[in-house]
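Trainee: this is the structure alone, sequence omitted:
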């Protein structure tokens, strides 16, 4: 049942992000990069993937799409010329902020239907912090 609920939630998120031409994974990586940038961090691909909980190779492919769309840019890290720092563009920052609001609204509506979901979310958050 949890799997079916998760699929339903993912469909709701995908539907909400469709008008912005973003997939759920693109949204997660853009929003995470924006959050890190706005908190003084310029992540590289590995640190972004770790923060977002995504696969590193898949992250690379998704970042390339976000870069092609003009939502972020990769800049050579002056401390390590092999690494690229990720910086969200102004257009990417506006999109991240807007879509975070949209996804939050979907989440509120989805999880309001089941008050016990708040307990499940706390359990999942605790599980993640234990990893």
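Mentor: Right, received. Where do you want to start? Model, not experiment: these values are computed from the prediction.
Trainee: can you give me how far the longest helix anywhere in the chain is from the chain middle?
Mentor: Longest among the helix segments of the chain by residue count, using DSSP state H, is helix 90-112. With CA atoms, centre = their mean, to the nearest Å as the basis, helix 90-112 stands 10 Å off its chain's centre.
Trainee: same deal with stretch 78-87?
Mentor: For stretch 78-87, the separation from the chain centroid amounts to 21 Å (computed by CA atoms, centre = their mean).
Trainee: mind listing what's buried along it?
Mentor: 84-87 (16 or more other CB atoms under 10 Å). In short, each C-beta sits where N, CA and C put it, glycine included.
Trainee: same deal with stretch 95-112?
Mentor: Within stretch 95-112, the residues scored as buried using 16+ other CB under 10 Å are 95-96, 99, 102-103, 106-107.
Trainee: hmm, back to that, so for the longest helix of the chain, mean pLDDT?
Mentor: Confidence over helix 90-112 (mean pLDDT, whole number) is 94.
Trainee: ok, residues contacting that helix?
Mentor: Helix 90-112 has contacts (CB atoms under 8 Å, 6 or more residues apart in numbering) with 8-9, 12-13, 16-17, 20, 22, 27, 30-31, 33-35, 37-38, 66, 70-72, 88, 117-118, 121.
Trainee: again, but for stretch 57-71
Mentor: Residues contacting stretch 57-71 (CB under 8 Å, 6+ apart): 21, 23, 25-26, 29-30, 45, 48-49, 52, 54, 72-74, 86, 88-89, 91-92, 95-96.
Trainee: what's the burial count for residue 119?
Mentor: Neighbour count for residue 119, taken as other CB atoms under 10 Å: 10.
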